[in-house]
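Chemist: Sequence and computational prediction follow.
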Amino acid sequence: MTQTTQPSPLFLITGGNRGLGKAMATALAAAGADIILTYRSGATEAQATVAHITALGQKAAALCLDTTAHQSFATFTGALETTMNALGHTHLTGLVNNAGFGVHAPFATTTATQLDDLFAVHVKGPYLLIQALLPRLKDGGRILFVSSGLSRFTSPGFSAYGTMKGAVDTLTRYVAAELGPRGISVNAIAPGAIETDFGGGVVRDNAAANAAVAQSTAMGRAGLADDIGGAVTALLMSPANWVTAQRIEASGGQNI
Ligand SMILES: NC(=O)c1ccc[n+]([C@@H]2O[C@H](COP(=O)([O-])OP(=O)(O)OC[C@H]3O[C@@H](n4cnc5c(N)ncnc54)[C@H](O)[C@@H]3O)[C@@H](O)[C@H]2O)c1
Ligand SMILES: O=C(O)[C@H](O)[C@@H](O)[C@H](O)[C@H](O)CO
């Protein structure tokens, strides 16, 4: 009897050089996926992640991309196609829209520029990037947005950021509705407060903020990047794609 080996799935993860994106990339690779990650300026971190994934026995590459620079998406998709072919792939199995940053400022003093910048990275960039990648995404594939606990509960100072993540939840349902006929499932993972560089490391490096999160979380601690890597792997490596249009919270039970 001849044995046929299934080709590895291929995922594109934006902002995969550090933090949650890096944890998702390494967890997916450990579960048998090939990875193309994007970075904006962290080329050295990105190459270290690529080397780590290669050592796990999977194929990986890193490409530079500012996910807010939509004028560059046509050039990016050309470079992506060349990279996919070099890794032995013709299509992406999935895309994870992870790149992003937060703004912590009172509602009364949040500026128009801060609103524009948050909209660009959390909503407009992913919206147009998915459009650009539609021909390269395989039927039956996956799209994952990254939402936040802050689209369910409020925390003063996050009015602009939390509102953008609320828009991400809505966009998730619309993209799911329109790509469903191609068998593509579209969901949003919503992490609670996680110890990464996010916000200058506010959850990781600020003992008072960290203790406040732990106290308000069922699991009794702040989240770690690997908690999200595991949740994303469970979702994206499952053979079933019937879960779609969902906001799936991975917060350890924060503010429940
Ligand atoms: N850390 C948390 O507590 C937390 C909680 C919920 C959701 N999130 C979300 O998770 C995602 C990842 O955050 P993180 O905690 O890993 O933060 P991080 O700051 O460690 O990493 C963010 C990544 O996004 C990239 N990025 C930011 N702006 C970009 C742009 N314009 N173009 C390309 N890349 C860009 C950065 O280069 C970096 O690689 C974000 O969408 C964030 O909103 C984080
Ligand atoms: O949920 C998010 O998207 C944010 O990263 C928050 O987790 C904040 O970092 C935290 O609330 C600060 O205390």
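Modeler: Structure received. Numbers count the residues shown, from 1 in each chain. Ligands and ions are numbered 1, 2, ... in the order given.
Chemist: and stretch 190-210, which residues are buried?
Modeler: Across stretch 190-210, burial judged by 16 or more other Cβ atoms under 10 Å covers 190-196, 198-199, 202-204, 209-210. In this view, the C-beta of every residue, glycine as well, is placed from N, C-alpha and C.
Chemist: To clarify, my last question referred to stretch 133-149.
Modeler: Neighbour-count burial for stretch 133-149 flags 133, 136-138, 141-149 (criterion: 16+ other Cβ under 10 Å).
Chemist: Assumed residue 11 was part of a helix.
Modeler: No - checked against DSSP: H, G, I helix; E, B strand; the rest coil, residue 11 lies outside a helix; its state is strand.
Chemist: outside of whichever strand or helix holds residue 80, which residues touch it?
Modeler: Secondary-structure element containing residue 80, defined by DSSP states H and E: helix 73-86. With contacts defined as Cβ atoms under 8 Å, 6 or more residues apart in numbering, helix 73-86 is touched by 10, 12, 36, 61, 63, 65, 90-92, 128-129, 132-133, 136.
Chemist: what does stretch 163-181 give?
Modeler: 118-119, 122-123, 126-127, 130, 143, 145-148, 150-151, 185-188, 190, 244-247.
Chemist: follow-up on the earlier one: from the buried residues of stretch 190-210, pick the one nearest residue 232.
Modeler: residue 191 (9.6 Å; Cβ to Cβ).
Chemist: can you pull the pLDDT of the closest one?
Modeler: Residue 191 is assigned a pLDDT of 98 by the prediction.
Chemist: Next: the one 3 residues further on.
Modeler: For residue 194, the pLDDT comes out at 98.
Chemist: Got the confidence number for the nearest residue to it once chain neighbours are set aside?
Modeler: Take residue 194 and drop its neighbours on the chain: the residue closest to it by Cβ to Cβ, 6 or more residues apart in numbering is residue 223, 4.0 Å away. For residue 223, the model assigns a pLDDT of 98.
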